[in-house]
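Chemist: The following block contains a protein sequence and its predicted model.
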Protein chains: 2
Amino acid sequence: MVIATTARAVRKLSGGWRRKGFTVGFVPTMGALHAGHLALVAASKVRHDRTVVSIFVNPMQFGPRDDLARYPRPSARDRRLLERAGVDALYRPSPAAMYPQGFDTAVEVGPRLTGGLCGRYRPGHFRGVTTVVAKLLNAVRPDEAFFGRKDAQQAVVIRRMALDLDTGVRITVVPTVRERDGLAMSSRNAYLSPAERRSAPVIRRALIAGRKVALSGRKGAGTGAVKAAVRRVLAREPAVRVQYLELVDADTLTPLAYPKGKVLLAVAAHLGRTRLLDNVVFTARRGR
Amino acid sequence: MVIATTARAVRKLSGGWRRKGFTVGFVPTMGALHAGHLALVAASKVRHDRTVVSIFVNPMQFGPRDDLARYPRPSARDRRLLERAGVDALYRPSPAAMYPQGFDTAVEVGPRLTGGLCGRYRPGHFRGVTTVVAKLLNAVRPDEAFFGRKDAQQAVVIRRMALDLDTGVRITVVPTVRERDGLAMSSRNAYLSPAERRSAPVIRRALIAGRKVALSGRKGAGTGAVKAAVRRVLAREPAVRVQYLELVDADTLTPLAYPKGKVLLAVAAHLGRTRLLDNVVFTARRGR
């Protein structure tokens, strides 16, 4: 596995592959890798001749009260995992290489997609995400980039950006990988105390209960009833404090009064100081 | 000359050239081509195996009171000029291809570079410029892109964006081409009435007078004295109404109290309804 620390180096590498006729898949990460990341790598390796992974804990997407300083950075372990997974190149720029003195550009998707859900509680977050991903796509110039479904809004926002800026990069969303008890894999799960960890799987169970109501076709099973079902299950674990619970169109992120079409039922919740995301995406066909 | 109307088509073309080991130069324009544009093409052809020119009158960089509707679009003539100049490909997207339904992304350089000079009078203009140029660079993926010195702030802003977003594209600024009487070539010169056209060269003469004072090394030849010299000459043509007259650092665009280092002395002026830009860039060594 080649390690590149500058945009120039990784562009050269990827350009050389493309000249040989190879396709390039790309998995951007913040490191602290888990099975979810490795599923993205596997999806890339199935489809592409070469796979590049980036590890960069992006300061621009963290708010002043977020967990930038304590975000885990187990770099030796990450490197071993990627080598074992057969990754061809690791792009690991420093913050100073990414944001040198004088850096003053931002890539931003409008509030229709970035104003709700996480964007409502993390101002500037998606601006940081789209800026760094635009930079990563420009440096790596892959044919396809892979993102996890757990961060559903992020995937929608990045797909918009990649399309709008004519990057030519296909954005693919890979299903969430879960622990055996249903908890969505996340680098932030490491923050949970043993008691919090035991409470956390209720989020998944609650979302499934919500989906069941949405798909029941029962008269009156509108968004209110779906959310009530989710909250009823979540109430069993009082340690879980809901930040938002939304039922939106999965592509446009527009709030829906009734589950209809491709639906995203998404939750953000705090367990102690740890913020967890999860969601279910499903298709609701209902005649009213 | 191949004509491409979509990002996909031009990317494929340029990718094919790169796979053959060719370098690609790129000249983005809004059409209504003149000798200034052809100098950019010539600069590209000297250095690169293939040259792509784009023609796109970018609605996003025009304000509501700007001249978008009446901007000249002599497309058959432009095409002939480019063919004669030996351009390899013309990228000519439609507004609908550039900004399809749902488009919602912007690329923006911060106010340090975009807040002064033209940016002060054309809010949103540079946001439109950097967004469309980012898209063009992503579509064409050139090794180098060429811009005219007349639009000095634009070149500084685009260089910042191209660097910050890791495009890997070298941004080169080519000296302004002028009419025999000194008027900077511009597609907007076509708007001038015969009387306005006769007045217009005063702008160039005024800037040269300002530069002379700046380089005189005279005690007290600060920015005030330089601007006074410019205005004295401009006053000979009362039809020329100055919008701004600034003396700034040519790289950072920071206003200077004294001409020092690489200096940009820039003017924007109206002649009737037509807005003209011009500038001189020079190096001032002064000990105070």
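Modeler: Yes, it's here.
Chemist: What parts of chain A come near chain B?
Modeler: A:7-8, A:11, A:15, A:18-19, A:21, A:102-110, A:112-113, A:130, A:134-136, A:138-139, A:141, A:160-161, A:164-168 (C-beta under 8 Å from any C-beta of the partner chain). Any C-beta I mention is one placed from the backbone N, CA and C, and that applies to glycine too.
Chemist: cutoff 6 Å now
Modeler: A:7, A:11, A:19, A:103-110, A:134-135, A:138-139, A:160-161, A:164-168 (C-beta under 6 Å from any C-beta of the partner chain).
Chemist: Now the buried members of those.
Modeler: A:7, A:11, A:103-109, A:134-135, A:138-139, A:160-161, A:164-168 (16 or more other C-beta atoms under 10 Å in any protein chain shown).
Chemist: Which of those fall within strands?
Modeler: A:T105, A:A106, A:V107, A:E108, A:V109 (DSSP state E).
Chemist: Please name the residues that touch the fourth one.
Modeler: Taking C-beta atoms under 6 Å, 6 or more residues apart in numbering or on different chains as the criterion, A:E108 is in contact with A:R127, B:A106.
Chemist: what's the neighbour count on the closest residue in space to A:R273 that isn't next to it in sequence?
Modeler: Among residues not flanking A:R273 along the chain, A:Y191 sits closest, at 7.0 Å (C-beta to C-beta, 6 or more residues apart in numbering or on different chains). For A:Y191, the neighbour count with other C-beta atoms under 10 Å in any protein chain shown is 19.
Chemist: Could you do the one 5 residues further on as well?
Modeler: Residues near A:E196, counting by other C-beta under 10 Å, number 19.
Chemist: got it, and A:R180?
Modeler: 6.
Chemist: same deal with the one 3 residues further on?
Modeler: Other residues near A:L183 come to 19 when the count uses other C-beta under 10 Å.
Chemist: Okay, A:A76 and A:A190: tell me how far apart.
Modeler: 16 Å (C-beta to C-beta, to the nearest Å).
Chemist: pLDDT for the ones in strands among the buried ones among the residues of chain A next to chain B - can I get that in a markdown table?
Modeler: Output for those, formatted as a markdown table (pLDDT from 0 to 100):
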| residue | pLDDT |
| --- | --- |
| A:T105 | 98 |
| A:A106 | 98 |
| A:V107 | 98 |
| A:E108 | 98 |
| A:V109 | 98 |
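Chemist: What is the nearest of those to chain B?
Modeler: Closest approach between these and chain B, by C-beta to the nearest C-beta: A:T105, at 3.6 Å.
Chemist: quick one: contacts for that closest one?
Modeler: B:V109, B:M161, B:D164, B:L165.
Chemist: just A:F282 next, same as before
Modeler: Going by C-beta under 6 Å, 6+ apart, A:F282 touches A:R211, A:V263.
Chemist: would you say it is within a helix?
Modeler: No: counting by DSSP: H, G, I helix; E, B strand; the rest coil, A:F282 is not found in a helix; it is strand.
Chemist: Mind picking the two most distant members of the ones in strands among the buried ones among the residues of chain A next to chain B?
Modeler: Farthest pair in those (C-beta to C-beta) is A:T105 and A:V109. Separation: 14.8 Å.
Chemist: Wait, A:T29 touches A:L38, no?
Modeler: No: shown here, A:T29 and A:L38 do not form a contact pair, counting by C-beta atoms under 6 Å, at 10.2 Å.
Chemist: Which one of those two is surrounded by more residues?
Modeler: Higher neighbour count among A:T29 and A:L38: A:T29, with 23 against 19, using other C-beta under 10 Å.
Chemist: and which of the contacts of A:T105 is nearest B:A85?
Modeler: So of these, ranked by how close each gets to B:A85 (C-beta to C-beta), first place is B:M161, at 26.8 Å.
Chemist: Could you measure from that closest one over to A:G124?
Modeler: Separation of B:M161 from A:G124 (C-beta to C-beta) stands at 19 Å.
Chemist: try A:I208
Modeler: According to C-beta to C-beta, A:I208 and A:G124 sit 33 Å apart.
Chemist: domains in chain A, as residue ranges please.
Modeler: Following automatic domain parsing, chain A resolves into domains at A:2-174, A:187-282.
Chemist: Distance to B:H270 added to those domains, as TSV?
Modeler: As requested, the domains of chain A are arranged in TSV below (distance: least, C-beta to C-beta, whole Å):
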stretch	distance to B:H270
domain A:2-174	30
domain A:187-282	43
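Chemist: Can you give me the neighbour number for A:T6?
Modeler: By other C-beta under 10 Å, the residues close to A:T6 number 16.
Chemist: leaving aside the residues next to it on the chain, what's closest to the most centrally placed residue in chain A?
Modeler: Central residue of chain A (C-alpha atoms, centre = their mean): A:D151, 3.1 Å from the mean position. Spatial nearest neighbour of A:D151, chain neighbours left out: A:L277 (6.5 Å); criterion: C-beta to C-beta, 6+ apart.
Chemist: same deal with A:R8?
Modeler: Here the residue nearest A:R8, using C-beta to C-beta, 6+ apart, is B:G168, at 7.0 Å.
Chemist: and A:P194, how many neighbours?
Modeler: 6.
Chemist: where does it land on pLDDT?
Modeler: On pLDDT, A:P194 comes in at 98.
Chemist: just A:G220 next, same as before
Modeler: pLDDT, A:G220: 75.
Chemist: mind checking how far it is from A:A229?
Modeler: The separation that A:G220 has from A:A229, given C-beta to C-beta, amounts to 12 Å.
Chemist: between those two, which one's more packed in?
Modeler: Comparing A:G220 with A:A229 by other C-beta under 10 Å, the one with more neighbours is A:A229, at 21 against 9.
Chemist: quick one: the strand or helix carrying that one to chain centroid distance?
Modeler: Element membership for A:A229, per DSSP states H and E: helix A:223-234. Distance of helix A:223-234 from its chain centroid, counting by C-alpha atoms, centre = their mean, to the nearest Å, is 24 Å.
Chemist: For that helix, which residues meet the burial criterion?
Modeler: Within helix A:223-234, the residues scored as buried using 16+ other C-beta under 10 Å are A:T223, A:A225, A:V226, A:K227, A:A229, A:V230, A:V233, A:L234.
Chemist: which ones are touching A:Y244?
Modeler: Per C-beta under 6 Å, 6+ apart, neighbours of A:Y244: A:A268.
Chemist: So which bits of the strand or helix carrying it are buried?
Modeler: Applying DSSP H and E as the criterion places A:Y244 in strand A:240-249. Going by neighbour count (16+ other C-beta under 10 Å), the buried part of strand A:240-249 is A:V240, A:V242, A:Q243, A:L245, A:E246, A:L247, A:V248, A:D249.
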